[in-house]
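Q: 3D, please:
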Amino acid sequence: MAMDLFVRWMRTIVVLGFVGGTIALAMGAAPASAGLGLACPSPTSTPFSAWSDYANYAFSPNGGFESGTTGWSVSGAKVAPGNESFYIHASGDKYSLSMPAGASATSPPMCISLLSGKMRFVARGDTGAKVKVQIVYRGLLSSVLGILDGGTMTVGKSWTPSPQVGMLGGVLPLLTSSVSFRFTASGGAASIDDVYLDPMKSS
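A: Predicted structure coming up:
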């Protein structure tokens, strides 16, 4: 009798373990969507194809500043009239973000997959001005898990797409649920516009 109970108990443990493992595998196979409640926009546009970058990108939340600084955290920066000259996001866009030297701006959190690829934006500024990019990895409750130096772009008078800013070779810090981008101007005033992320390492 005791042996029968023990066997049934062991069978239950095995079945529960199998079900749990199956659920875990299914969740792991799902896109990082889920980013703990953050919506993952579909990376279906190729905004930088004119520059021989055919990766599929997703537009960052309010990445064109058409809704002011909604969702962004800014210090010394402000939205100004004048869109980037290529109108990468939409022909009707009218604004960009102006950053005097020393000003900074951090984008809203954005869903990202395990195999994240790169991000790009468009910038211009005074002669000698630079824009430093940092990638902020966030976990639960927007806690900061790590900050990666994405490099510094020297800007000029004309709007120019940034180089591709890679992210840890596609390896994210453990428990990452979202990512933000922090831009800082130095050496002169700079402006940024149309922030995009390739969230699935499409190429």
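Q: contacts and neighbour counts: CA atoms only from here.
A: OK.
Q: after the helix or strand bottoming out on mean pLDDT in the chain comes which helix or strand?
A: Across the helices and strands of the chain, mean confidence by mean pLDDT, DSSP states H and E is lowest for helix 2-29: a mean of 36. Remark: after helix 2-29, the chain's next helix or strand is strand 58-59, criterion DSSP states H and E.
Q: continuing past that following strand, what's the next helix or strand?
A: Next in sequence after strand 58-59, counting helices and strands by DSSP H and E, comes strand 73-75.
Q: Neighbouring strands - and their directions - for that following strand?
A: When pairing is defined by DSSP bridges, strand 73-75 lines up against strand 104-106 (antiparallel).
Q: what element comes up after the strand it pairs with heading to the C-terminus?
A: For strand 104-106, the following helix or strand on the C-terminal side (DSSP H and E) is strand 118-125.
Q: Dump the next helix or strand after that next one to CSV, restricted to CA.
A: Counting by DSSP H and E, the element after strand 118-125 in chain order, helix or strand, is strand 130-138. Only the C-alpha atoms of strand 130-138 are listed here, as CSV (Å, rounded to 0.1, in the frame of the first residue of the first chain):
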residue,chain,number,x,y,z
LYS,A,130,29.0,65.3,-30.7
VAL,A,131,26.2,63.0,-29.5
LYS,A,132,27.1,60.3,-27.1
VAL,A,133,24.8,57.3,-27.0
GLN,A,134,24.3,55.0,-24.0
ILE,A,135,22.1,51.9,-23.9
VAL,A,136,20.2,51.5,-20.6
TYR,A,137,19.1,48.0,-19.9
ARG,A,138,16.1,47.8,-17.5
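Q: Can you list the strands that strand 130-138 pairs with?
A: By DSSP bridges, strand 130-138 pairs with strand 144-154 (antiparallel), strand 178-186 (antiparallel).
Q: What count of nearby residues applies to the residue lying closest to residue 140 once chain neighbours are set aside?
A: Spatial nearest neighbour of residue 140, chain neighbours left out: residue 177 (6.9 Å); criterion: CA to CA, 6 or more residues apart in numbering. Neighbourhood size, residue 177 [other CA atoms under 10 Å]: 28.
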